[in-house]
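K.L.:
Make a model of this:
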Amino acid sequence: MKLVSNPNRRGPKLAEQAPYPSVDTARLERHRSFCPGYEATPLADVSALAPVANFWIKDERTRMGLGSFKALGAAYVIACQAHEVSAAPDGTTLEGRTYVTASAGNHGMSMAAGARVFGANAVVYIAETVPESFADRLRAQQAQVVREGVDYAASMEAASMAAQKHGWTLLSDSSWEGYTELPHLLMEGYLQMAVEAAEQCPDTPTYILLQAGVGGMAGAVAAYARKVWGDTPRIVVVEPSAAPALQASVEAGHCVFADGPDSIMGRLDCKEPSLIALNGLARDADLFLTLDDTTVAAQLPAMAEAGLETSASGGAGVAAVLDDTARAALGISARDRVLCIVSEQPA
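P.N.:
Residues are numbered from 1 along each chain as shown. You can find the predicted model right below:
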């Protein structure tokens with residue numbers, strides 16, 4: 001475990017070439033158009049689970065039937081683009097258009113679902129290590145699945161090359177120099193869960209813990225939390241010890257690559273942060289915490305017993321509250337009101 005106090009809080013951008021996360025909620029109604037069964041996800045009160053005054057968990061496991069918060073991202077981008085083509089988009093609006101991405105999990109499901117609803121094609125590159133069961137889930141959304149690369153980074157390189165070769169639209173959930181427009185819109189879609197949480201919380205949280213891979217979810221939620229709750233919450237970013245990309249970047253004062261071994265928190269095991277998320281979290285987060293795999297794994301049974309079964313990736317923020325050592329290091333006391341997100345269903 002390593003805890004770093006953010007030296008850049010309220011400071012300038014760490015990546016000048018990228019914007020801050022959006023806090024514009026005016027377009028969020030559009031994402032409902034591609035999912036007639038849309039409904040807000042619940043906020044669970046699990047105050048008995050930890051020695052705090054209030055413990056609220058935003059439960060994203062059932063988000064639009066796709067299994068995670070990422071349902072709000074890529075599909076939102078595609079819905080917005082469909083609305084640019086037609087005031088009343090339907091299943092033929094984006095015919096002839098192809099979206100391509102790499103995915104180790106839920107982002108590919110969101111892109112495939114959005115493409116299917118509006119008549120576009122979806123091509124998802126997955127690495128050799130991704131389970132075939134996930135490939136089958138993508139195919140059920142009518143996506144073309146291509147296995148290429150030993151890891152996610154190699155799959156993303158292959159997806160990017162395919163986009164250039166075929167004139168397809170590359171839709172990543174990360175951002176890098178020269179590629180920020182679509183990820184910025186994608187992160188705007190993630191605001192929906194933050195809007196719901198702000199409406200559902202009966203009081204202002206004093207701590208918000210947000211697990212992060214490239215940082216898209218954490219960056220979006222933190223930005224909105226500052227908009228509605230100001231400086232009251234202490235915002236904590238939680239990463240695997242094997243992939244402290246955001247923590248290392250805020251320490252260095254610029255984007256860095258954080259190399260390390262594989263983590264059981266596979267969907268957080270990202271070695272390079274999204275530049276948009278890095279800008280937002282460097283401005284908005286107070287603390288950056290890394291947790292070992294064993295620490296997170298030890299808390300998963302308690303989450304399951306409380307009716308919140310999830311993966312190590314989905315429960316990393318909650319694990320930091322349940323672990324005595326991490327909770328003490330963060331300064332969380334019996335008087336605090338804590339908000340976390342369970343971000344995905346069990347793997």
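K.L.:
contacts and neighbour counts: CA atoms only from here.
P.N.:
Will do.
K.L.:
contacting residues for the spatially most central residue of the chain?
P.N.:
With distances taken as CA atoms, centre = their mean, M217 lies nearest the centre of the chain, 3.3 Å away. By CA atoms under 8 Å, 6 or more residues apart in numbering, M217 lies in contact with 187, 190, 210.
K.L.:
which element is it on?
P.N.:
Assigned by DSSP states H and E, M217 falls within helix 216-229.
K.L.:
just checking, next helix/strand downstream of that helix?
P.N.:
That would be, after helix 216-229 and using DSSP H and E, strand 234-240.
K.L.:
Export that following strand to PDB, keeping only CA atoms.
P.N.:
Extracted C-alpha coordinates of strand 234-240, given in PDB (Å, rounded to 0.1, in the frame of the first residue of the first chain):
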ATOM      1  CA  ARG A 234     -12.000  14.200   0.300                       C
ATOM      2  CA  ILE A 235     -11.700  12.400  -3.000                       C
ATOM      3  CA  VAL A 236      -9.500   9.300  -3.000                       C
ATOM      4  CA  VAL A 237      -8.300   7.500  -6.200                       C
ATOM      5  CA  VAL A 238      -7.600   3.800  -5.700                       C
ATOM      6  CA  GLU A 239      -5.300   1.900  -8.100                       C
ATOM      7  CA  PRO A 240      -3.600  -1.500  -8.000                       C
END
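K.L.:
pLDDT on that strand, on average?
P.N.:
Averaging pLDDT along strand 234-240 yields 98.
K.L.:
Buried residues in the helix or strand following it, which are they?
P.N.:
Next along the chain after strand 234-240, taking DSSP H and E as the criterion, comes helix 245-252. Residues of helix 245-252 classed as buried by neighbour count (16 or more other CA atoms under 10 Å): 245-251.
K.L.:
CSV for those, including distance to K165 and pLDDT?
P.N.:
Shown next, in CSV, are these (distance: CA to CA, whole Å; pLDDT from 0 to 100):
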residue, distance to K165, pLDDT
A245, 30, 96
L246, 32, 97
Q247, 35, 97
A248, 35, 97
S249, 33, 97
V250, 36, 97
E251, 38, 96
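K.L.:
so what secondary structure elements neighbour the longest helix along the chain?
P.N.:
The longest helix of the chain (DSSP state H) is helix 181-200. Under the contact criterion of 3 or more CA pairs under 8 Å, 6 or more residues apart in numbering; DSSP states H and E, helix 181-200 touches helix 74-85, helix 216-229.
K.L.:
where does this protein dip in pLDDT?
P.N.:
31-37 (pLDDT under 70).
K.L.:
coming back round to it: please tell me how far the residue nearest to the centre of the chain sits from E181.
P.N.:
When distance is defined by CA to CA, to the nearest Å, M217 is 16 Å away from E181.
K.L.:
same thing with L278?
P.N.:
15 Å.
K.L.:
from the middle of its chain, how far away would stretch 41-61 be?
P.N.:
On the basis of CA atoms, centre = their mean, to the nearest Å, stretch 41-61 sits 19 Å off its chain's mean C-alpha point.
K.L.:
relative to helix 74-85, how tilted is the strand or helix carrying R116?
P.N.:
Taking DSSP H and E as the criterion, R116 maps to helix 106-118. Relative orientation of helix 106-118 with respect to helix 74-85: 30 degrees, computed using axes from the mean of the first three to the mean of the last three CA atoms, to 10 degrees.
K.L.:
tell me what helix 106-118 is packed against?
P.N.:
Using 3+ CA pairs under 8 Å, 6+ apart, the elements in contact with helix 106-118 are helix 74-85, strand 98-102, strand 121-126, helix 132-140.
K.L.:
pull the CA atoms of it into CSV?
P.N.:
The C-alpha trace of helix 106-118 is given here as CSV (Å, rounded to 0.1, in the frame of the first residue of the first chain):
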residue,chain,number,x,y,z
ASN,A,106,-16.9,-3.8,-20.5
HIS,A,107,-16.0,-0.9,-22.8
GLY,A,108,-16.3,-3.2,-25.8
MET,A,109,-19.8,-4.2,-24.7
SER,A,110,-20.9,-0.6,-24.6
MET,A,111,-19.6,0.2,-28.0
ALA,A,112,-21.1,-3.0,-29.5
ALA,A,113,-24.5,-2.3,-28.0
GLY,A,114,-24.6,1.4,-29.2
ALA,A,115,-23.5,0.4,-32.7
ARG,A,116,-26.2,-2.3,-32.8
VAL,A,117,-29.0,0.0,-31.8
PHE,A,118,-28.2,2.6,-34.5
